[in-house]
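Engineer: For reference, the sequence and a predicted model appear below.
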There are 2 protein chains.
Amino acid sequence: MKLAEVLKALNHPIRRDIVARLKDGPATAGDLAEAYQVSKPTMSTHFSALKGADLIRGERDGVTITYHLNATVAEEAMSALMDLLGHNDAAASKSSAASNSRKPEPSP
Amino acid sequence: MKLAEVLKALNHPIRRDIVARLKDGPATAGDLAEAYQVSKPTMSTHFSALKGADLIRGERDGVTITYHLNATVAEEAMSALMDLLGHNDAAASKSSAASNSRKPEPSP
DNA sequence: CCCTTAGTTAGGGATAGATCTAATTAGAGT
DNA sequence: ACTCTAATTAGATCTATCCCTAACTAAGGG
């Protein structure tokens, strides 16, 4: 899981809303597309961004594609964000927590 | 706390690293600026982005400014992200959790 | 007062992101 | 094969973000 990709993916209101919807269960690309006032190609790039972060996965069934949230990556993202934002009260960061040895990331 | 602002602020490696550093304790603007290969004005805009999200706060002491993480907003952001990304196993979302009644945010 | 140190503002150029229309692939029916 | 619907790719444009240099404000010394 790449935190940068996840944060980039979540950095758009439509994409956040897609994630929130998929949390309640899977949905087809078409159904999701109807919920927002943007063109279908635009929705396609939003799906790509979320797929790029591996936050969602799509399964083709005939002509329609059903997207569902990738719970594993969502969990990993939460852990990474906990690690980043502190949350240092009892029983906080889980297995992947001992990672932040304070070396600056390279700037893009 | 505005999730959009927080996510925008965290959507840059330098700003994430600043947050991670401040998690270990406060630091002056100058000390932080030395850690990255960017100009001081650039660092200033990064600080502004983090202040805009209220993730950090600066206190002027004479000529230097000491930044520290805003733990309250960090906590609120964690809650909001838990809410967004699921995390629906026992004892998950805290007080502010019952908020997501699935209405799409307006696109920008 | 002038100078030095710390940080911010202003303005500009480069890159990345969002969105559209038009054209294209993918799959199923008829 | 033709066609209809679902979704993606291509290309263009527009806006936002990043980063720089140069000029500015803020606060203390000599």
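Structural biologist: Good, I have the coordinates.

Engineer: switch to C-alpha atoms for all contacts and neighbour counts from now on
Structural biologist: Noted.

Engineer: Pretty sure A:Arg57 sits in a helix.
Structural biologist: No: according to DSSP: H, G, I helix; E, B strand; the rest coil, A:Arg57 belongs to no helix; its state is strand.

Engineer: How about it: which residues does it bridge to?
Structural biologist: A:His68 (DSSP bridges).

Engineer: pretty sure it is touching A:Asn70, no?
Structural biologist: Yes: taking contacts as Cα atoms under 8 Å, A:Arg57 lies within contact range of A:Asn70: 6.4 Å.

Engineer: so what sits against both of those two?
Structural biologist: Counting by Cα atoms under 8 Å, 6 or more residues apart in numbering or on different chains, A:Arg57 and A:Asn70 have no common neighbour.

Engineer: can you list the residues of chain A near DNA strand D?
Structural biologist: Proximity of chain A to DNA strand D, by Cα under 7 Å from any atom of the strand, involves residues A:28-31, A:40-41, A:43-45, A:47-48, A:63-66, A:107-108.

Engineer: Strands of chain A, residue ranges please.
Structural biologist: Here chain A has its strands, by DSSP state E, at A:27-28, A:56-61, A:64-69.

Engineer: which helices and strands does the shortest one pack with?
Structural biologist: When you say that, I think you mean strand A:27-28. strand A:64-69 (3 or more Cα pairs under 8 Å, 6 or more residues apart in numbering or on different chains; DSSP states H and E).
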